[in-house]
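> Kindly return the folded structure for what I paste below:
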Amino acid sequence: MNAPAITFDAVCFGVGNLSAEFSFSREAGSVTAVLGPSGAGKSTLLNLAAGFLSPRSGEIRLHGKRVNELAPAERGVSMVFQDNNLFAHLDIRTNIGLGLDPALRLDAAAWSRVEAALERVDLAGFGNRMPATLSGGERQRVALARAFARHRPLLLLDEPFDGLGPGLAADMLSLMLDIRTEVGATVIMVTHDPDEARTAAQQVLFVSGGRITADASIAGFFERRDLPDLEKYLGRSATS
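Here you go, the predicted structure:
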């Protein structure tokens, strides 16, 4: 039996007034939406998985391998941020190339992957453009192109479509799901949009106060009335 794609085993993190503890696992190829109020710990969970934060205790395993001590570049993870995380002084081609090798030691085959990724997100010919010359949606396409070029087995998304108009956000979500299928990645996606979660995910983690208060199938999740934190999050009264 194959090990889960990702496992958090009593992973604890604490800085100042923030205290978080997470336990969950996900099978390879699954898509999970992470929801909860602002400040609940959703981004903390992603940053722990990516290696940008280190847990105080507990164990993080990717495909059965403990990764607590591994740097982000060694984990087989791609992360797409809300702000695209592009270097403003570098052209688009270089921004994507850095995702393959931070030292840009790329051979012809690797640069071909960069060009193929740009074509995949309908930005063929944009390689020499600078980030400031692109629209918000185009910059998000570049971020997805970088994730596509890297072909990592775990894709982490931190509200990547927040701030885009509804139509463009839906297009980006569809593109992300297509790329996920082509790469065969497991996806964990932080979102504030229940409709986005319903469209993309099979499972949900609801985070409140630094804890996972619900780990469930997305089917029927938003109709549940047994979770006070969810009721408050959705703005429903106890009697409505």
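> May I have stretch 113-127 exported as CSV, CA atoms only?
Once non-C-alpha atoms are left out, stretch 113-127 reads as follows in CSV (Å, rounded to 0.1, in the frame of the first residue of the first chain):
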residue,chain,number,x,y,z
ARG,A,113,10.4,23.2,-20.4
VAL,A,114,10.1,26.9,-19.6
GLU,A,115,8.9,27.7,-23.1
ALA,A,116,6.5,24.7,-23.0
ALA,A,117,5.1,25.9,-19.7
LEU,A,118,4.5,29.4,-21.1
GLU,A,119,2.7,27.9,-24.0
ARG,A,120,0.6,25.7,-21.7
VAL,A,121,-0.8,28.8,-20.0
ASP,A,122,-1.3,30.7,-23.2
LEU,A,123,1.7,33.0,-22.7
ALA,A,124,3.8,31.9,-25.6
GLY,A,125,6.1,34.7,-26.6
PHE,A,126,5.9,36.5,-23.2
GLY,A,127,9.3,35.2,-22.0
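> what about this protein, any weak spots by pLDDT?
1, 15-18, 82, 84, 237-240 (pLDDT under 70).
> I'd like the distance from the longest helix along it to the chain centre, please.
As assigned by DSSP state H, the longest helix anywhere in the chain is helix 166-183. Mean-position distance between helix 166-183 and its chain equals 13 Å (C-alpha atoms, centre = their mean, to the nearest Å).
> And the protein, what are its domain boundaries?
1-76+152-240, 83-151 (automatic domain parsing).
> where's Leu48 relative to Ala71, distance?
14 Å (C-beta to C-beta, to the nearest Å). Where you see a C-beta, it was placed from the backbone N, CA and C, and this is true even at glycine.
> Compare neighbour counts for the two and give me the winner.
A count of neighbours by other C-beta atoms under 10 Å puts Leu48 above the other of Leu48 and Ala71, at 22 against 9.
> Need the three-state assignment for the more buried one.
helix (DSSP: H, G, I helix; E, B strand; the rest coil).
> shouldn't it be in contact with Phe13?
Yes. In terms of C-beta atoms under 8 Å, Leu48 counts as a neighbour of Phe13; the distance is 6.1 Å.
> what residues do these two have in common as contacts?
Taking C-beta atoms under 8 Å, 6 or more residues apart in numbering as the contact rule, the neighbours common to Leu48 and Phe13 are 54-55.
> and the very next helix or strand once past the longest helix of the chain, which strands flank it?
Where DSSP states H and E defines the elements, the next helix or strand beyond helix 166-183 is strand 186-190. If you go by DSSP bridges, strand 186-190 pairs up with strand 31-35 (parallel), strand 154-158 (parallel).
> Right, I'll call it a day here.
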